[in-house]
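**Student:** Mind looking at a prediction? Sequence and model below.
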Amino acid sequence: MPKPFSQACENNRDPICQILERVFADKSAILEIGSGTGQHAAWFAKKMPHLLWQTSDRIQNHPAIKEWLAEAALQNLVAPITLDVSQFDWPQDEYDGVFSANTAHIMSWPEAQQMVCGVASVLADGGMFGLYGPMQYSGVIKAESNRAFNARLKAQNPQQGIREFNDLNALAASQGMVLREDNPMPANNRLLVWQKSNNTSAC
């Protein structure tokens, strides 16, 4: 039986990696939130061997991640830990980088808030948080493809939807994270990068 596979991961891994290679150049330990199939983790750990790449997801997604990790056979790629942002079961370890792709829009807004707060709790001072996915700005979703995607998300679950950049940035700021980059990406996505500046936590 073939491994679980995401064509989107295959398509966006190189553009994402080009930015992460720069953002995480001086980092050592990365927590990936929502590793999904495990494809991103396998690719990024291969391309950035100086990083210890910690995968995570809900327990039901662990088998797929482990298949990709087993095939990659990389010493810097770590088996998934169980992380459900709605359960507040965040690791006790500290990381100098966190990355998450295509997660905020499939969460409810309270869950997305908990994710950002959780990131702040595990991120070392000076650490970087990269969040990839579609965004809206001041209530506007410019791309027609993203507007259609947002409608499909809300039809599946009204709590889902493309998140507002200003809301995410305000939340990150309340947690002591400063926006450093807002990178346009292929397929009408963005890669936002915040840096932890202090231990402020309001959640």
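**Tutor:** The structure has been received and is ready for your questions. Predicted model only: the values in this text are computed from it and were never measured.
**Student:** Have a look at this structure and report its longest strand.
**Tutor:** Identified as the longest strand of the chain according to DSSP state E is strand 123-133.
**Student:** List the contacts of that strand.
**Tutor:** Identification of contacts with strand 123-133 by C-beta atoms under 8 Å, 6 or more residues apart in numbering yields 12, 16, 19-20, 23-24, 27, 94-105, 119, 162-163, 168, 172, 177, 180, 185, 189-199. Every residue, glycine included, has its C-beta placed from N, CA and C.
**Student:** which of the residues in that strand are buried?
**Tutor:** L123, G127, M128, F129, G130, L131, Y132, G133 (16 or more other C-beta atoms under 10 Å).
**Student:** Can I get those in CSV including pLDDT?
**Tutor:** Listed next are the buried residues of strand 123-133 as CSV, based on pLDDT from 0 to 100:
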residue, pLDDT
L123, 97
G127, 98
M128, 98
F129, 98
G130, 98
L131, 98
Y132, 98
G133, 98
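**Student:** from these, which two are the most distant?
**Tutor:** By the measure C-beta to C-beta, G127 and G133 form the most distant pair in the buried residues of strand 123-133, at 20.0 Å.
**Student:** beta partners of the residue nearest the centre of the chain?
**Tutor:** With distances taken as C-alpha atoms, centre = their mean, S100 lies nearest the centre of the chain, 0.6 Å away. Judged by DSSP bridges, the bridge partners of S100 are I33, L131.
**Student:** how about it, what does it touch?
**Tutor:** E32, I33, G34, M115, V119, G130, L131, Y132.
**Student:** Count the neighbours of the closest residue in space to the third one that isn't next to it in sequence for me.
**Tutor:** Leaving aside its sequence neighbours, G34 sits nearest to T103 (C-beta to C-beta, 6 or more residues apart in numbering; 4.1 Å). By other C-beta atoms under 10 Å, 20 other residues sit near T103.
**Student:** At which residues are the strands of the protein located?
**Tutor:** Under DSSP E, the chain gives strands at 29-33, 52-57, 77-82, 95-101, 123-133, 135-136, 163-164, 177-185, 189-196.
**Student:** Make CSV out of those and add distance to K46.
**Tutor:** Shown next, in CSV, are the strands of the chain (distance: least, C-beta to C-beta, whole Å):
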stretch, distance to K46
strand 29-33, 13
strand 52-57, 9
strand 77-82, 8
strand 95-101, 15
strand 123-133, 18
strand 135-136, 28
strand 163-164, 30
strand 177-185, 20
strand 189-196, 19
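**Student:** Quick one, which of these gets closest to L69.
**Tutor:** strand 77-82 (5.5 Å).
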